[in-house]
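**Q** the following block contains a protein sequence and its predicted model.
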Amino acid sequence: MRSLIISSISLATLLLSMSTSAQVLISGELTATQACAATPSIRQPHNPGQIKLVIGTHYSVIAKNRADQATHYLVNIEGANPKQRWVAMDCGVLAMTDPLPALGAAPLIPPAIDPAPTSAPASEAKKVSGQYVFAFSWQPAFCEGASGKKECKSQTTSRFDATHFTLHGLWPDRASYCNVPKDQQAKDKQGDWAALPSSTVSAGVKAQLDQVMPGTQSLLERHEWIKHGTCYGTNEEQYYADSIKVLSDINQSAVQSLFAKNIGQNLTSQQIRAAFDQAFGKGVGERVKIACKDDGSRRLITELTLGLKGSIAQQDLSTLALASRPVEAGCPSGIVDPVGLQ
């Protein structure tokens, strides 16, 4: 009886401390856009297992670190121990699912022993039906941290990607590596893209890809198809044709003009989202998230992501975006980087 009373008091103390803590319980899903470290504590850098987010992977979100001006999400990562890890908010795109649970309804107690993952293997994931994250990059900023890549060594001020957005990927929701053999999955996860099957797209689509996806010089198109395109429900030709279609719409809009006119200058998330509203209709900006990275004393805009839902081949971008869920803006402001190491 005495131990039961002590346990009850301990539980009550825990719930009381949670109700007064800065943590706010939320329910959502984070699609990783950066390979960020995931740590049990925000303040302590210790990272058991050296766990990082996997770009394009979806993680359930159970909390953020404070109600106002939050900086981190608490996510569940299968296979990590402890399973619950903190990641910076600009590491991915958050889509809220259910309303906030009652405070104290789901205690944030990392399990002492990580349970075995219950999700199906990635290769057995079902093809999704019409919900996506579209990721597009500002290449000069990407190259600040990847100067050794072929596409960065060859970049010039007159090349397409100096003033236009480039294709990172089109990521079906909640699925990856659909019907992909285990050995190919392993090669992809190791970054050995040269060992992956060659692209099967036509010469016409390949020529467009080489312009809008400079990463083809590093075989990025093989990685994106194997991990994400195989879950798109079409062949590789259509997957990339649809990806190019979305990027073309953005690159012919007020959003591209805003970036091209402000190279070397700072843009805010409000300005970027307003440009999307101007180009594609009110509310589309709420589906856009901005990712930044620090480069010395500068904070650079590296990538934007846009939620889409529907048939990309048959519907316009406005319809597709407005059918998706609003997301948080992410990085509040950053510099539009010019070509060349600064």
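**A** Arrived safely. Residues are numbered from 1 along each chain as shown.
**Q** let me see the ranges of the helices in the protein.
**A** Using DSSP state H, the helices of the chain run over residues 2-20, 139-144, 150-153, 182-189, 203-212, 220-227, 236-251, 254-261, 269-280, 317-322.
**Q** for the ones you listed, which one sits closest to Q84?
**A** Nearest to Q84 among the helices of the chain is helix 2-20; the distance by Cβ to Cβ comes to 13.7 Å. In short, each C-beta sits where N, CA and C put it, glycine included.
**Q** circling back to that earlier point, what's the closest of the helices of the chain to S297?
**A** helix 139-144 (12.7 Å).
**Q** turn the helices of the chain into TSV, columns for mean neighbour count.
**A** Formatted as TSV, the helices of the chain follow (neighbours: other Cβ atoms under 10 Å):
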stretch	mean neighbour count
helix 2-20	10
helix 139-144	23
helix 150-153	17
helix 182-189	15
helix 203-212	15
helix 220-227	24
helix 236-251	20
helix 254-261	17
helix 269-280	19
helix 317-322	21
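**Q** can you put the ones you listed in CSV and add mean pLDDT?
**A** Formatted as CSV, the helices of the chain follow (pLDDT from 0 to 100):
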stretch, mean pLDDT
helix 2-20, 42
helix 139-144, 95
helix 150-153, 95
helix 182-189, 95
helix 203-212, 96
helix 220-227, 97
helix 236-251, 97
helix 254-261, 98
helix 269-280, 98
helix 317-322, 97
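**Q** right, and the ones you listed - which one's nearest K293?
**A** Closest of the helices of the chain to K293 is helix 139-144, at 7.2 Å (criterion: Cβ to Cβ).
**Q** which other helices and strands does that closest one contact?
**A** helix 150-153, strand 288-295, strand 298-309 (3 or more Cβ pairs under 8 Å, 6 or more residues apart in numbering; DSSP states H and E).
**Q** tell me which strands and helices the second one is in contact with?
**A** Contact analysis of strand 288-295 by 3+ Cβ pairs under 8 Å, 6+ apart lists helix 139-144, helix 269-280, strand 298-309, strand 333-335 as its packing neighbours.
**Q** got those as a markdown table, with distance to L341 columns?
**A** Below are the helices and strands packed on strand 288-295 laid out as a markdown table (distance: least, Cβ to Cβ, whole Å):
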| stretch | distance to L341 |
| --- | --- |
| helix 139-144 | 6 |
| helix 269-280 | 24 |
| strand 298-309 | 12 |
| strand 333-335 | 14 |
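**Q** which one of the ones you listed lies closest to Q252?
**A** helix 269-280 (8.9 Å).
**Q** and the angle for that closest one with helix 236-251?
**A** 110 degrees (axes from the mean of the first three to the mean of the last three Cα atoms, to 10 degrees).
**Q** hey, what's the angle from helix 269-280 to strand 288-295? Just curious.
**A** In terms of direction (the same axes, to 10 degrees), helix 269-280 departs from strand 288-295 by 140 degrees.
**Q** give me the contact list for helix 269-280.
**A** Outside helix 269-280, the residues that touch it by Cβ atoms under 8 Å, 6 or more residues apart in numbering are 249-250, 253-255, 257-258, 283-288, 290, 304, 306, 317-318, 321, 329-333.
**Q** swap the cut-off to 6 Å and go again
**A** 253-255, 258, 284-285, 288, 290, 317-318, 329, 332 (Cβ atoms under 6 Å, 6 or more residues apart in numbering).
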